[in-house]
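Trainee: Need coordinates for the below:
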Amino acid sequence: MVKKAVLKNGIKVAMQKLSEFRSVSIGVWIKAGSVYEQEREYGISHFIEHMLFKGTTNRTAQDIASEMDSVGGHLNAFTAKECTCYYAKVTDAQLKLAVSILADMVKNSVFDETEMEKEKGVVCDEILMVEDSPEELVHDLLCAEVYKGTALESQILGSEKNVRSFTRSDILNYMARRYMPDDMLIACAGNFDEQELLDLLEEAFSGYGTGSGAEYENVCYAGGGRFSHIKKDIEQAHVCLGFPGFSFDDDDQLAMLILNNVLGGSMSSRLFQTIREEKGLAYSVYSYPSSYKTTGYFALYAGTGEKQAYEVASLMLTEVDKLLKNGITQKELLRAKEQFKGSYVLGQESTSARSNSIGKSELLRGYTYTESQIMEMVDKIDMATMERIIPKIFDRSRLNGALVSRDDKGAEAIRKLILS
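Mentor: Numbers count the residues shown, from 1 in each chain. The predicted model follows:
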């Protein structure tokens, strides 16, 4: 059971005590991501995430790393479009240290300009790594097409030009807008005493101030008929198809996850069995849903040889058409539901997975489903549910596509196929 509290300065706390574990995972979640950035700030949320590891008024960068390493703990962070999270996993005896380090990073980072210049190089290398990874690049390209003209279009890493231009004042101004207590949540799961945790957090985050930042404008799936191609000198073609999906809080999101297992979310899925196992046309082929606060999309991906790219894209659309015409079978539905339940239960055996799940749920929608509630909702998903959501998702008039390949002629053929 998830218990909630609010610190004196407004920071929310969500915690789940798990006495059977010897570990504790704790994360500081903040509504700071690419959707909140202005054009000249694109990439700043991610850059700040890097800089918080580079030293505080109390600890050097080496101190931060060595203190966590000395107790066998794990400290990391990530930036998403709608949030940033700083998290640690330690043994239950080291919770105080984890809280101290996380609070120190969030409250007291110094943003030394010499360290900033060094880290700009690191982040720019990260941007280049994505450019050199066509599979990663095509997913970003698809998302930009799906949400063209909206806050979700911008890339989390930003551009080299922007990153190189960031100043210490830019960071401080952005944090003054986004790193606000009312827009922060601390999620904790594992073996700990709840009152002790709250006392630690109250002391560690005292003096942080109060208030909240502005929310970004609600985003909807921006329609269809768009296709983007990036030409690169690579052996494979990487193709992504994007259809409407459901938001993080939509009642049909779970059903979409079940449908994903049927279509392309596992080795027994239709896409994998047809395109890889039967036809031998692609090593990597799958589908996945992406959900945000007010919107979502459903994507199909395949990486294949240049000569087979058109055929693979055609087969992907053929599987979509089969779903639209015939739906799924009762056997597929039952198998996909059991697959989801098994994956969910196995995921709950990690305190870090539980902490992350709690943090995202509480930050973006304000509540967390219990395991029994989720299982009950999955059990209620039936053939009628699938018949209802399949045409909502696989609306060919709202299809968008993205391709990374070296062949312009082949790309034009795929564009016509997807948009016909």
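Trainee: Skipping adjacent residues, who's closest to the spatially most central residue of the chain in space?
Mentor: Centroid-nearest residue in the chain: residue 80, 5.5 Å away (criterion: Cα atoms, centre = their mean). Leaving aside its sequence neighbours, residue 80 sits nearest to residue 33 (Cβ to Cβ, 6 or more residues apart in numbering; 5.4 Å). Where C-beta positions appear, they are placed from N, C-alpha and C, glycine not excepted.
Trainee: Pretty sure the one you found sits against residue 84.
Mentor: Yes - with contact defined as Cβ atoms under 8 Å, residue 33 counts as touching residue 84 (6.2 Å).
Trainee: Return every residue with contacts to both of those two.
Mentor: Taking Cβ atoms under 8 Å, 6 or more residues apart in numbering as the contact rule, residue 33 and residue 84 both touch residue 45.
Trainee: picking up where we left off before, state the phi and psi torsions of the residue nearest to residue 80.
Mentor: phi -160, psi -180 (degrees, to the nearest 10).
Trainee: Residue 226 now?
Mentor: Torsion angles, degrees, to the nearest 10, at residue 226: phi -120, psi 140.
Trainee: Report pLDDT for it.
Mentor: Reported pLDDT at residue 226 in the predicted model: 95.
Trainee: what's the answer for residue 217, then?
Mentor: 85.
Trainee: any idea how far the closest residue in space to it that isn't next to it in sequence lies from residue 50?
Mentor: Once flanking residues are discounted, residue 217 sits nearest to residue 151: 6.4 Å by Cβ to Cβ, 6+ apart. Residue 151 sits at a distance of 22 Å from residue 50 (criterion: Cβ to Cβ, to the nearest Å).
Trainee: if we look at the helix or strand hosting residue 77, which residues are touching it?
Mentor: Assigned by DSSP states H and E, residue 77 belongs to strand 74-79. Contacts with strand 74-79, where a contact means Cβ under 8 Å, 6+ apart, come from 32-34, 45-46, 49, 52-53, 64-65, 68, 84-90, 98, 101, 156, 352.
Trainee: Any buried residues in it, and which?
Mentor: Across strand 74-79, burial judged by 16 or more other Cβ atoms under 10 Å covers 75, 77, 79.
Trainee: again with stretch 208-218
Mentor: 208, 213, 216.
Trainee: can you check stretch 237-254 too?
Mentor: Buried, per 16+ other Cβ under 10 Å, within stretch 237-254: 237-250, 252-254.
Trainee: which ones are touching the residue nearest to residue 80?
Mentor: 45, 79, 80, 81, 82, 83, 84, 156.
Trainee: So the last one: helix, strand or coil?
Mentor: Under the three-state scheme (DSSP: H, G, I helix; E, B strand; the rest coil), the conformation of residue 156 reads as coil.
Trainee: With adjacent residues omitted, what lies nearest to it?
Mentor: residue 34 (4.9 Å).
Trainee: helix or strand for residue 240, which one?
Mentor: Residue 240 belongs to strand 236-244 when elements are defined using DSSP H and E.
Trainee: got it, and residue 99?
Mentor: Per DSSP H and E: helix 95-108 holds residue 99.
Trainee: Would you mark the buried spots in the helix or strand following that helix?
Mentor: Using DSSP H and E, the helix or strand that directly follows helix 95-108 along the chain is helix 113-131. Going by neighbour count (16+ other Cβ under 10 Å), the buried part of helix 113-131 is 115, 116, 119, 120, 123, 124, 127, 130.
Trainee: circling back: any of the contacts of strand 74-79 buried? List them.
Mentor: So, by 16+ other Cβ under 10 Å, the buried ones in the contacts of strand 74-79 are 32-34, 45-46, 49, 52-53, 64, 68, 84-90, 98, 101, 156, 352.
Trainee: Looking at these, which are in helices?
Mentor: Those of the buried ones among the contacts of strand 74-79 mapping onto helices are 45, 46, 49, 64, 68, 98, 101, 352, per DSSP state H.
Trainee: how much space is there between the spatially closest residue to the fifth one that is not a sequence neighbour and residue 112?
Mentor: Nearest non-adjacent residue to residue 68, counting by Cβ to Cβ, 6+ apart: residue 75, 4.4 Å away. Residue 75 sits 19 Å away from residue 112, taking Cβ to Cβ as the criterion.
Trainee: With residue 229 instead?
Mentor: Distance of residue 229 to residue 112, computed by Cβ to Cβ: 42 Å.
Trainee: Tell me which of these two has more neighbours.
Mentor: residue 229 (21 against 16; other Cβ atoms under 10 Å).
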